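*Asks:* give me coordinates for this.
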Amino acid sequence: MSRYYILDTPMLLRSLFFPEEDYTPGPKNSFDLMVPVDKEREIAVSCRFYMENKDWPWILYFHGNGEVVSDYDHIAPLYHREKLNLVVSDYRGYGASSGRPTFAGLIKDAHFVLKSVKKELSAREYPDNLFLMGRSMGSIPALELARHYPKDLKGLIIESGFVCATRLVKHLRLPSSRLDLEGLEAECIEKAGNISLPTLIIHGQYDNLVPLQEARDLLTYLGSTQKELLVIPGAEHNNIMFMDEQQYFQALGKFCYSF
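*Replies:* Predicted coordinates:
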């Protein structure tokens with residue numbers, strides 16, 4: 001069991017999660033899937049599939065904090081431009097999902113999401129060509145799944161992420177004096193060291209929320225023999241995708257068609 005539950009204090013949850021409800025219908029080329037993550041409490045997490053061509057690779061994307069699935073309705077075509085299909089997962093309390101977000105839930109639910117996404121792709125007879133991507137807070141579930149399901153995934157992409165949320169707690173100077181941050185961080189570093197998937201890390205040069213050093217540290221910790229770091233010049237945390245849109249998306253396309 002992951003030690004991430006130690007961060008589930010009222011203060012940290014209020015400071016690090018910003019859930020927002022959203023029930024915006026998807027565009028014509030999309031479909032939604034509700035993934036049960038706690039049947040006893042009737043909690044489900046929403047996912048949206050953006051399919052342009054069934055023969056293209058798929059990216060299972062865990063978005064950043066303060067985002068919801070429908071934010072990607074207008075971004076998905078940029079993935080399609082690089083011949084990539086996209087499926088975006090929300091978290092508890094985000095979008096059409098029920099429940100409240102916690103770090104323990106973020107870890108636990110990711111396993112259900114991956115299994116349900118793979119089952120849905122198989123049921124629709126889409127090729128099993130799945131990559132994993134996590135942006136910012138989404139790096140937590142992405143790293144978790146990359147560690148446990150290397151045979152089910154083609155590669156890992158981390159954008160504006162970190163090896164462990166303890167780094168974010170320390171950077172923002174949030175109250176944590178009684179928490180075993182060192183123990184959790186050691187667990188996360190060990191997890192990264194056991195990830196063997198080919199990995200692309202993308203980070204903004206001037207990211208003030210998650211400093212560039214976090215990307216460099218993650219690159220060092222990862223056990224993969226095929227890993228690279230792309231730094232987007234001039235980019236900050238929330239404009240990285242569009243600071244150099246061509247470089248960003250071409251890097252994704254090149255990576256996903258290399259494995």
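
*Asks:* please enumerate the strands of the stretch 151-259 of the chain.
*Replies:* Under the criterion DSSP state E, counting those that start in this stretch, the stretch 151-259 of the chain contains strands at 156-159, 199-204, 227-232.

*Asks:* JSON lines for those strands, including mean pLDDT and distance to residue 58?
*Replies:* C-beta here means a position set from N, CA and C on the backbone, and glycine is covered the same way. Converted to JSON lines, those look like this (pLDDT from 0 to 100; distance: least, C-beta to C-beta, whole Å):
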{"stretch": "strand 156-159", "mean pLDDT": "98", "distance to residue 58": "12"}
{"stretch": "strand 199-204", "mean pLDDT": "98", "distance to residue 58": "16"}
{"stretch": "strand 227-232", "mean pLDDT": "98", "distance to residue 58": "21"}
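
*Asks:* closest to residue 134 out of the ones you listed?
*Replies:* Nearest to residue 134 among the strands of the stretch 151-259 of the chain is strand 156-159; the distance by C-beta to C-beta comes to 5.6 Å.

*Asks:* tabulate the CA atom coordinates of the closest one in CSV.
*Replies:* Once non-C-alpha atoms are left out, strand 156-159 reads as follows in CSV (Å, rounded to 0.1, in the frame of the first residue of the first chain):
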residue,chain,number,x,y,z
LEU,A,156,5.4,6.9,-20.3
ILE,A,157,5.2,10.7,-20.7
ILE,A,158,5.5,13.1,-17.8
GLU,A,159,4.8,16.8,-18.3
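
*Asks:* can I get stretch 5-14 in PDB? Just the C-alpha atoms.
*Replies:* The C-alpha coordinates for stretch 5-14 follow below in PDB (Å, rounded to 0.1, in the frame of the first residue of the first chain):
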ATOM      1  CA  TYR A   5      -2.300   8.500   2.400                       C
ATOM      2  CA  ILE A   6      -0.200  10.500   4.800                       C
ATOM      3  CA  LEU A   7      -0.900  13.600   2.700                       C
ATOM      4  CA  ASP A   8      -4.600  13.300   3.100                       C
ATOM      5  CA  THR A   9      -4.900  15.900   5.900                       C
ATOM      6  CA  PRO A  10      -7.600  18.500   5.600                       C
ATOM      7  CA  MET A  11      -5.100  21.400   5.100                       C
ATOM      8  CA  LEU A  12      -3.100  19.600   2.400                       C
ATOM      9  CA  LEU A  13      -6.200  18.400   0.600                       C
ATOM     10  CA  ARG A  14      -7.600  22.000   0.500                       C
END
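
*Asks:* quick revisit: just the strands of the stretch 151-259 of the chain: most buried one?
*Replies:* strand 156-159 (a mean of 27; mean count of other C-beta atoms under 10 Å).

*Asks:* check the offset of that one from the chain's centre.
*Replies:* Its chain's C-alpha centre and that of strand 156-159 lie 7 Å apart, by C-alpha atoms, centre = their mean, to the nearest Å.

*Asks:* who touches that strand?
*Replies:* The contact list for strand 156-159, computed with C-beta atoms under 8 Å, 6 or more residues apart in numbering, reads 59, 131-136, 139, 142-143, 146, 195, 197-203, 215, 218, 224, 240, 252, 255.

*Asks:* show me the contact partners of stretch 1-21.
*Replies:* Under C-beta under 8 Å, 6+ apart, the answer for stretch 1-21 is 65-66, 68, 91-96, 100-104, 106-107, 137, 140, 144, 165-166, 168-169, 172, 174-176, 179-181, 183-184, 187.

*Asks:* now, of these, which are buried?
*Replies:* 65, 68, 91-96, 101-104, 106-107, 137, 140, 144, 165-166, 168-169, 174, 176, 179, 181, 184, 187 (16 or more other C-beta atoms under 10 Å).

*Asks:* cross those residues against helices and list the overlap.
*Replies:* 103-104, 106-107, 140, 144, 165-166, 168-169, 181, 184, 187 (DSSP state H).

*Asks:* and which of the residues you listed is nearest to residue 209?
*Replies:* Distance to residue 209 across these (C-beta to C-beta) is lowest for residue 168, with 7.9 Å.
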